[in-house]
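Asks: Below is the sequence, then the predicted model.
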Amino acid sequence: MNFLAHQYLSFDSKPVMVGNFIADTVKGAVSETYPKGIQLGIHVHRAIDEYTDSHPIVLETRKLLYPNFGKYAAVVQDVYYDHFLAINWGKYRDDRLHDFVLQVYQTLNANKEMMNAKALRILYYMEKHDWLTNYSTIRGIDRALQGLSHRASFPSNMENGIPPLKDNFAVLSQHFTTFFPELEKEITTRFGLEVQEANPHL
């Protein structure tokens with residue numbers, strides 16, 4: 001899953017949001033120098049990725065995308081799924097996407113001291129180009145895929161990611177609609193009570 005879904009699955013806990021955001025820049029064992037809520041966020045992020053990467057519906061999505069994107073199909077799938085979350089936001093939460101995103105940016109900016117240089121750089125561009133809100137538009141998805149293509153180590157064809165999205169929109173949407181509640185249930189079951197106990201004043 002991509003940035004928006006990870007923040008969605010942070011239980012509205014500010015420490016978990018931060019840990020979930022920095023997790024991809026933290027390698028190996030989770031340092032106990034982080035506050036417990038941020039440690040928990042890193043573990044939540046890794047559990048989301050582990051569950052997603054082995055789920056049969058996600059594997060079907062990646063199989064569908066493989067002819068266009070090869071080994072980058074998983075990257076494109078993450079972006080597409082954030083698009084479906086964004087455009088269907090009202091089905092999953094009562095607040096507006098804009099309000100949620102504003103809360104995320106405020107939380108991350110207030111905790112920059114917990115971020116390494118790579119995470120700070122990601123946050124800068126995420127907020128500058130408002131990635132989280134712009135996942136809701138085709139133009140925003142195109143821009144995200146263009147950027148990923150420029151940073152890819154090998155030819156990825158991600159710069160041509162919109163036609164496959166449009167051509168397979170119904171199937172991809174169904175994949176996401178079926179998968180995402182299962183992911184949410186898995187993560188809530190595994191971590192929901194733990195988050196509440198670690199954050200008594202949420």
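Replies: Yep, that arrived.

Asks: going forward, measure contacts between C-alpha atoms and count neighbours the same way
Replies: Noted.

Asks: just checking, what packs against the one helix or strand Met17 maps to?
Replies: Assigned by DSSP states H and E, Met17 falls within helix 14-22. Helix 14-22 sits against helix 3-8, helix 36-54, helix 97-109, with contacts defined as 3 or more Cα pairs under 8 Å, 6 or more residues apart in numbering; DSSP states H and E.

Asks: Pick the most deeply packed of these.
Replies: helix 3-8 (a mean of 21; mean count of other Cα atoms under 10 Å).

Asks: orientation of the longest helix along the chain relative to helix 36-54 in degrees?
Replies: The longest helix of the chain (DSSP state H) is helix 169-198. If you take axes from the mean of the first three to the mean of the last three Cα atoms, to 10 degrees, helix 169-198 sits at 150 degrees to helix 36-54.

Asks: what is the mean pLDDT for helix 169-198?
Replies: Per-region confidence: helix 169-198 scores 91 on mean pLDDT.

Asks: name the helices or strands packed onto it?
Replies: Under the contact criterion of 3+ Cα pairs under 8 Å, 6+ apart, helix 169-198 touches helix 36-54, helix 56-69, helix 73-87.

Asks: for those, which one sits closest to Asn160?
Replies: Shortest distance between Asn160 and the helices and strands packed on helix 169-198, using Cα to Cα, is found for helix 56-69: 8.7 Å.

Asks: Of all the residues in that closest one, which ones are buried?
Replies: Buried positions in helix 56-69, judged by neighbour count with 16 or more other Cα atoms under 10 Å: 57-59, 61-62, 64-66, 68-69.

Asks: Same question for stretch 155-165.
Replies: By neighbour count on 16+ other Cα under 10 Å, the buried set for stretch 155-165 is 156-159, 161-162, 165.

Asks: Out of these, list just those in strands.
Replies: Among these, no member falls in strands (criterion: DSSP state E).

Asks: what's the closest of those residues to Pro35?
Replies: The closest of the buried residues of stretch 155-165, once distances to Pro35 are taken by Cα to Cα, is Met158, at 36.9 Å.
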